[in-house]
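A.B. asks: Here is my input, please return the structure:
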Amino acid sequence: MQIQVRPSITTVNPRLGGEDSVDLLWLSAILKDIKAGSSLIEAAKKAGTSYRGAWEKLNSVEDALLTPIIIRTKGHGSKLTSFGEFFLKFIDDLRDSNQQYVKPYQEILAKKIGELGIENDRRWRFASSSDAIIQQSVSEVKGFDLKIAGSSEALEKLLNNEADLAGYHVSDKKRSKVIHSHLSKNDLQIYPVMKRIQGLIVKKGNPLGIQSIADLTNPKVRFINRQTGSGTRLLLDSLLKDEAISPSEINGYDHEEFTHTAISNAILAGKADVGIGVKNIALENGLNFIPLKDEIFFVAMKKDVATQSIAKKLIKKIRSNSEAMPGYKAVSLNSQIISWI
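C.D. replies: The predicted structure is shown next:
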């Protein structure tokens, strides 16, 4: 049973109109990182939020307060205004007060709901990065409403209490540790569930002889990308950075799809020559696959959600299904990936 009362501020949704809300504890984490010298992009990544999402939420808070919180200077990053400094301390004080007085009521409410048996009919909101194993497991373990989202968006929804669970994947150990630390500080339980291989998906027979990221700079090669904020897009960008390749050198870098299956479909339809995705999707569609990097897939959830038998069943099912899928391997213990957390 996930019941958590957290302070928030009512704002106006910039895209949809009407009232919205911003979690003040999320905002506090963003402001603290900016105060410590991080850029808004860096702070957003640490908070498991897309840059666009963080930018919109900050703007909406400033509009609600009629006062700037941060100063944005082109080429020089961001810093807190004097009011921003005050507001950060205000949130921290409010958080301490909220924990002291609200927690007992949360526990009373959760206990009463449990006594009434309402939990049995609950459908848990699961925001997750696109993955065939996740989709298969959710279909086999009833009781979850799955929403496909990029890794960053999924974590943002969990931290903003718009989801009960979040599925995300990372290929960089340093970034994985940052995310794990941030989620743990927000009283979340994190489960490593599987390892999978990401790579280049190309036409059958690989007619263009594509072998590496460097081959994407060939102007004759048409690339299809994943959407901004997805874990796969972050992986690609890190590989390009390692190879000192500019996105502008890739024909199709700005052409986006939202799932691994959509990438393979674009290649099958002749709309692209190569994309980036997971091995099993390439094999299922008779396409060639060039491995690039292993990554770990995690499922994060509130600790009270983690105590539910259905959540434990889902984790077990994901691990079991991953063992039967090419390009995947179950991960069940933190000790197996100690360098990632």
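
A.B. asks: Show the contacting residues for residue 147.
C.D. replies: 125, 126, 127, 128, 157, 163 (CB atoms under 8 Å, 6 or more residues apart in numbering). Just so you know, the C-beta spots here come from the backbone N, C-alpha and C atoms, and that holds for glycine as well.

A.B. asks: Pull the number of nearby residues for the first one.
C.D. replies: Just to be clear, that refers to residue 125. 18 (other CB atoms under 10 Å).

A.B. asks: And it, how far from residue 91?
C.D. replies: 25 Å (CB to CB, to the nearest Å).

A.B. asks: Also the third one?
C.D. replies: For residue 127, the distance to residue 91 under the criterion CB to CB works out to 25 Å.

A.B. asks: One more: residue 265?
C.D. replies: In terms of CB to CB, residue 265 sits 45 Å off from residue 91.

A.B. asks: The two: which has the busier surroundings?
C.D. replies: Legend: neighbour count by other CB under 10 Å for residue 265 and residue 91, higher for residue 91 (21 against 17).

A.B. asks: so who does that one touch?
C.D. replies: Taking CB under 8 Å, 6+ apart, one finds 7, 24, 25, 27, 28, 31 in contact with residue 91.

A.B. asks: Identify each buried residue in whatever helix or strand it lives in, please.
C.D. replies: Using DSSP states H and E, residue 91 maps to helix 82-116. Buried residues in helix 82-116, counted by 16 or more other CB atoms under 10 Å: 84, 87, 88, 91, 98, 110.

A.B. asks: got it, and stretch 319-337?
C.D. replies: Neighbour-count burial for stretch 319-337 [16+ other CB under 10 Å]: 319, 321, 322, 325, 327, 328, 330, 331, 337.

A.B. asks: Out of those residues, which comes closest to residue 41?
C.D. replies: Distance to residue 41, by CB to CB, is smallest for residue 337 among the buried residues of stretch 319-337, at 26.4 Å.

A.B. asks: My read is that the closest one contacts residue 296, right?
C.D. replies: Yes. Judged on CB atoms under 8 Å, residue 337 makes contact with residue 296 at a distance of 5.7 Å.

A.B. asks: Give the residues shared as contacts by the two.
C.D. replies: With CB under 8 Å, 6+ apart as the test, residue 337 and residue 296 both reach 192, 331.

A.B. asks: can you give me the helices for the stretch 151-300 of the chain?
C.D. replies: 151-159, 173-185, 231-242, 260-268, 279-284 (DSSP state H, counting those that start in this stretch).

A.B. asks: quick one on the thing from earlier: might you specify the subset of the buried residues of stretch 319-337 located within helices?
C.D. replies: Among the buried residues of stretch 319-337, the ones falling in helices (DSSP state H) are 319, 321, 322.

A.B. asks: Mind putting those residues into a markdown table with pLDDT and distance to residue 195?
C.D. replies: Listed next are these as a markdown table, based on pLDDT from 0 to 100; distance: CB to CB, whole Å:
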| residue | pLDDT | distance to residue 195 |
| --- | --- | --- |
| 319 | 96 | 11 |
| 321 | 96 | 13 |
| 322 | 95 | 8 |
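
A.B. asks: What is the nearest of those residues to residue 136?
C.D. replies: Closest to residue 136, out of all of those and judged by CB to CB, is residue 321, at 5.5 Å.

A.B. asks: Now for residue 153, how many residues are close by?
C.D. replies: 27.

A.B. asks: Can I get stretch 188-197 as CSV, trimmed to CA atoms?
C.D. replies: Output in CSV follows, covering the C-alpha atoms of stretch 188-197 (Å, rounded to 0.1, in the frame of the first residue of the first chain):
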residue,chain,number,x,y,z
LEU,A,188,12.7,3.9,-2.5
GLN,A,189,13.5,0.2,-2.8
ILE,A,190,15.6,-0.6,-5.9
TYR,A,191,15.7,-4.1,-7.5
PRO,A,192,18.2,-5.1,-10.2
VAL,A,193,16.2,-7.5,-12.3
MET,A,194,18.1,-8.2,-15.5
LYS,A,195,21.1,-7.5,-17.7
ARG,A,196,20.5,-7.0,-21.4
ILE,A,197,22.6,-6.1,-24.5
